[in-house]
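K.L.:
show me how the following folds:
(2 chains)
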Amino acid sequence: MSGEAALIRVNGLSKKFCTDLRTSLKYGVRDLGTELMGRGRSPELRPKEFWALDDVSFELRRGECLGLLGRNGAGKTTLLKMLNGLMKPDKGRIELHGRVGALIALGAGFNPVLTGRENVFVNAAVLGIPRQEVLRRFDEIVAFAELEDFIDMPVQNYSSGMTVRLGFSVAAVLMEPDILFLDEVLAVGDIGFAMKCLNRVREMMANSAVIFVSHSMPMVNAFCTRALVMQRGRVKLDTTEMGLAMDMYISSFKVEERVTGNGGAQLSDVHLWIDGAPVDERDPVVDQGHEGVVELTVKIDAGERASLIVYVDDVALGQVLGVIAKDAQGRRIELEAGTHRLRVRLGKLEMNMGNYSLLIQVKSLVTSQSLCRVQGISPFRVRSNNIMWSRVVREQVTDLLPSPQGS
Amino acid sequence: MAFTDRLYLTALKKVTVRAAAHTSLDKGPARTPPAQDAMGGPVMIYTPASALTSPGIMFRDLFVDMRKAFDLAWRLARRDITAQYRQSYLGYLWAFIMPLANTVVWIMLNSTGVVRITDTSIPYPAYVFTGTMMWQMLVEAVQSPLQQVTAAKNFLTKLRFPREALIIAGMLKQTFNLMIKLVILVPAVMLLGVKPDWHIFLAPVAMLLIVITGVSLGLLISPVGMLYNDVGRVVPLLAQFIMYLTPVVFAMPQGGVMSTIFQWNPATPLILTGRAWLTGSGTPMLGPFMIVAACALLLLLIGTMLYRLALPILIERLST
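P.N.:
Predicted structure coming up:
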């Protein structure tokens, strides 16, 4: 066979969990009994059980990185644990070809009383790496962790960042897996170290089939070539189109309206208009690339003067677009005490398809304090025919120039 | 929501067509797979079937894991021992403080006549001291598997490693403690007026067997013990009770129901023979001792298999 063959083969994998601890323990004893009798698992659900993982199938080849997306409890960690051989399947089959490595539970086996040096050996032993190998690459591990000065200090005197750096370095330097499992620990430590981690992980990924669980969309976007979107144990979507997967995951979250600020201003009657028509608030769909306008009423308390900014937030509440309210002369609008009705032009809504909402901030020009900040107001969905990874999508006329002469 | 789904479906159709051309473009050429073939490497297959249905594979895996386990066990045992003594002022002395305290109590009870113990072939203090020390060894050995597994719980449920290492590490720690105890035990009994003979070289064998017996029993209770912590609580309680049915602080009763119970108690030959070898009093109960030894070794094998089969099931009940 060639390198093209799948390293991971998962077929109809299912796992049941129990909602109640006592029943779960009871079933545990019973399962132990069946195992000892040499009988297989019953594929039926017993009372108080549910499918934590339901009929999951996929194959993964070297060089592929599969992102597992889904809300907490969607079955991602369960799947990872079963792949790692920590739990037995209730149905289905897993086949793994090659050495398996996991960047999970960094620094497993560390004892706080012992020095960093001693703990490196313990941790490496837990990861199944022979002592000679550790001895040979010890300096490399310490250098990677940037802990040369502290390696003979007890780990309990390390900061949490230092401990996790050491744990990461042991695994990252010593492991050369064909199959790699990652659970949220791609990058640890401060920004500088995190960058190093990411580079190292990318190196490891190039030579292996990777399964990656993360809630960080930038990480998923940067590393994964494929994604499974999971919902209640089932695979909702299996795609190589990361934008689509991420959007599906993200739109499973609902934005809540949240008002903060010192109360020196009140917002009301906030409405979104597209191309001069109000957006239907029961089904707020906006086609990509159309002009958006926000109309709102703001009441400023006596003795205050305020400025106003409207943001467009994505579902992760990251600001995609910020609009500063200015007058026709290009000066920032200063709102005096009293009630004002404003129409803020947002311009073309060129955000990528997905769910968005508005964040409106009224800030005092007297004290610089936030008078009113409303987050998650008038949520809307951008609809588009383009599936892109970028945050902003624009369709632009492109000129075909005459082809260059010479070589 | 229905709308959302429809949107994805339409989008998905387009995507699958374009997907093939897409991936290589977007992620760059750095991801091209190497020519290296992993098919010669290890293959793991997980299915719902009981491991017992294919005993050949089960024993082969056990053997492979065992070899790896020793390396790790050595590390873990060293870690625990070093840490334990580094963080303690009295250090190794703790190995004797407990039996010493116990001995003092029983000497007082005996000398004040609260309890009258007769007919110990060696001076009573030496009898109690050796007895309690070996008994403590047995009880600690019983508790060791459960303790080891509980201590490693945080990474046991997250990482895959040869889990037998935890048990072996427990045994290594016990053996280490045993050696320290011997270093003190021998001069101590001599000080108490006992003259050991060449049998003393057999004493470590008896003690090792005590450890093995304890760990085997511990392995048998640890699967259920991991699920229900009642088990962990019952062990010391039960141990206290059984201690009085074993010639630890009492001499073997002559006749009566108690005598029969003492005779049939499997711990009796272990303690009696161990003590006799240590104190130069010949070899009593060699037959029962051999039987217990054989049973202990068989039990160790069964316990190991049980532990191995049970852990994946237990981990799913413990995890999160």
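K.L.:
and the helices in chain B, which stretches?
P.N.:
For chain B, the helices defined by DSSP state H cover B:2-27, B:55-86, B:94-111, B:124-151, B:153-156, B:164-191, B:203-227, B:230-243, B:256-264, B:267-279, B:286-318.
K.L.:
got any ranges where the stretch 201-320 of chain B has weak pLDDT?
P.N.:
B:319-320 (pLDDT under 70).
K.L.:
repeat that for the stretch 51-200 of chain B.
P.N.:
B:95, B:113-119.
K.L.:
and the helices of chain B as JSON lines, adding mean neighbour count and distance to chain A?
P.N.:
Where C-beta positions appear, they are placed from N, C-alpha and C, glycine not excepted. What follows is those, written out as JSON lines (neighbours: other C-beta atoms under 10 Å in any protein chain shown; distance: least, C-beta to the nearest C-beta, whole Å):
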{"stretch": "helix B:2-27", "mean neighbour count": "13", "distance to chain A": "4"}
{"stretch": "helix B:55-86", "mean neighbour count": "16", "distance to chain A": "4"}
{"stretch": "helix B:94-111", "mean neighbour count": "16", "distance to chain A": "16"}
{"stretch": "helix B:124-151", "mean neighbour count": "23", "distance to chain A": "10"}
{"stretch": "helix B:153-156", "mean neighbour count": "17", "distance to chain A": "4"}
{"stretch": "helix B:164-191", "mean neighbour count": "20", "distance to chain A": "8"}
{"stretch": "helix B:203-227", "mean neighbour count": "23", "distance to chain A": "5"}
{"stretch": "helix B:230-243", "mean neighbour count": "14", "distance to chain A": "11"}
{"stretch": "helix B:256-264", "mean neighbour count": "12", "distance to chain A": "28"}
{"stretch": "helix B:267-279", "mean neighbour count": "25", "distance to chain A": "27"}
{"stretch": "helix B:286-318", "mean neighbour count": "18", "distance to chain A": "4"}
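K.L.:
wait, residue A:113 touches residue B:81, no?
P.N.:
No - look at residue A:113 against residue B:81 with C-beta atoms under 8 Å: they stay out of range, at 11.3 Å.
K.L.:
what number of residues lie near residue B:250?
P.N.:
A count of nearby residues for residue B:250, using other C-beta atoms under 10 Å in any protein chain shown, gives 20.
K.L.:
thinking again about what came up before, can you redo the helices of chain B as a markdown table with distance to residue A:344?
P.N.:
Listed next are the helices of chain B as a markdown table, based on distance: least, C-beta to C-beta, whole Å:
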| stretch | distance to residue A:344 |
| --- | --- |
| helix B:2-27 | 28 |
| helix B:55-86 | 63 |
| helix B:94-111 | 74 |
| helix B:124-151 | 60 |
| helix B:153-156 | 52 |
| helix B:164-191 | 64 |
| helix B:203-227 | 61 |
| helix B:230-243 | 65 |
| helix B:256-264 | 91 |
| helix B:267-279 | 85 |
| helix B:286-318 | 54 |
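K.L.:
between those, which one is nearest to residue A:89?
P.N.:
With C-beta to C-beta as the measure, helix B:286-318 is the member of the helices of chain B nearest residue A:89 (10.0 Å).
K.L.:
between helix B:256-264 and the closest one, find me the angle.
P.N.:
Interaxial angle of helix B:286-318 relative to helix B:256-264 (axes from the mean of the first three to the mean of the last three C-alpha atoms, to 10 degrees): 80 degrees.
K.L.:
helix B:286-318 packs against which elements?
P.N.:
Applying 3 or more C-beta pairs under 8 Å, 6 or more residues apart in numbering or on different chains; DSSP states H and E, one finds that helix B:286-318 makes contact with helix A:21-36, helix B:55-86, helix B:153-156, helix B:164-191, helix B:203-227, helix B:267-279.
K.L.:
next, the angle from the second one to helix B:164-191.
P.N.:
Interaxial angle of helix B:55-86 relative to helix B:164-191 (the same axes, to 10 degrees): 50 degrees.
K.L.:
coming back round to it: dump the helices and strands packed on helix B:286-318 into TSV; add distance to residue A:164 as well.
P.N.:
Formatted as TSV, these follow (distance: least, C-beta to C-beta, whole Å):
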stretch	distance to residue A:164
helix A:21-36	31
helix B:55-86	19
helix B:153-156	14
helix B:164-191	24
helix B:203-227	28
helix B:267-279	46
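K.L.:
among these, which is nearest residue A:242?
P.N.:
Nearest of the helices and strands packed on helix B:286-318 (C-beta to C-beta): helix B:153-156, 31.5 Å.
K.L.:
circling back: quick one: which of the helices and strands packed on helix B:286-318 is nearest residue B:144?
P.N.:
helix B:164-191 (3.8 Å).
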